[in-house]
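In: All I have is the shape, not the residue letters:
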């Protein structure tokens, strides 16, 4: 099956079998290294990427379903202006996800504050539950998300001025 999509803001074409997991397609054929393929069943949440701005478990997504979609991996996200806000929030709280879940948690945080720049703690916790790594507790994660959202709000105000 031929699949055409936008991968990290660039056109991408793949020729693969339709039900191949997206995580394997991207790691094997697009050299994406940020996807931590651990469980392959969606339990760990370390293979998160964004499809049309929504976080998904790439190990559960069949390749055919991304035809015509926008896929953003951690590699692509690090090239956006939004990455620095989350990095600054990690640094401010001196709390960093481990290497296994850093990419997934960062993309989830971006998704949270893209949807709502003033998220409630309950919404933050619910969104982050898809990643089961417990290297950071929910209090730390909530503070990081709220701080990153604050950075984004300030940046927006400065741009409008």
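Out: It's in. Given the structure is predicted, the values throughout are model-derived calculations rather than measurements. Residues are numbered from 1 along each chain as shown.

In: all contacts plus neighbour counts: C-alpha atoms, from now on.
Out: Fine.

In: and the closest residue to residue 90 other than its chain neighbours, what does it touch?
Out: Leaving aside its sequence neighbours, residue 90 sits nearest to residue 96 (Cα to Cα, 6 or more residues apart in numbering; 5.6 Å). If you count contacts by Cα atoms under 8 Å, 6 or more residues apart in numbering, residue 96 has them with 90, 102, 136.

In: quick one: what helix or strand has the residue sitting nearest the centre point of the chain in it?
Out: Among the residues of the chain, residue 107 comes closest to the average C-alpha position under Cα atoms, centre = their mean, at 2.3 Å. Assessed by DSSP states H and E, residue 107 sits inside helix 102-115.

In: in the following helix or strand past that helix, what's buried?
Out: Tracing the chain past helix 102-115, the next element assigned as helix or strand by DSSP H and E is helix 121-128. Going by neighbour count (16 or more other Cα atoms under 10 Å), the buried part of helix 121-128 is 121, 124, 127, 128.

In: got these as a markdown table, with distance to residue 142 and pLDDT columns?
Out: What follows is the buried residues of helix 121-128, written out as a markdown table (distance: Cα to Cα, whole Å; pLDDT from 0 to 100):
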| residue | distance to residue 142 | pLDDT |
| --- | --- | --- |
| 121 | 6 | 97 |
| 124 | 6 | 97 |
| 127 | 11 | 96 |
| 128 | 9 | 96 |
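
In: and the longest helix for this protein?
Out: Secondary structure assigned by DSSP state H gives helix 138-160 as the longest helix of the chain.

In: orientation of that helix relative to helix 102-115 in degrees?
Out: Between helix 138-160 and helix 102-115, the angle comes out at 50 degrees (axes from the mean of the first three to the mean of the last three Cα atoms, to 10 degrees).
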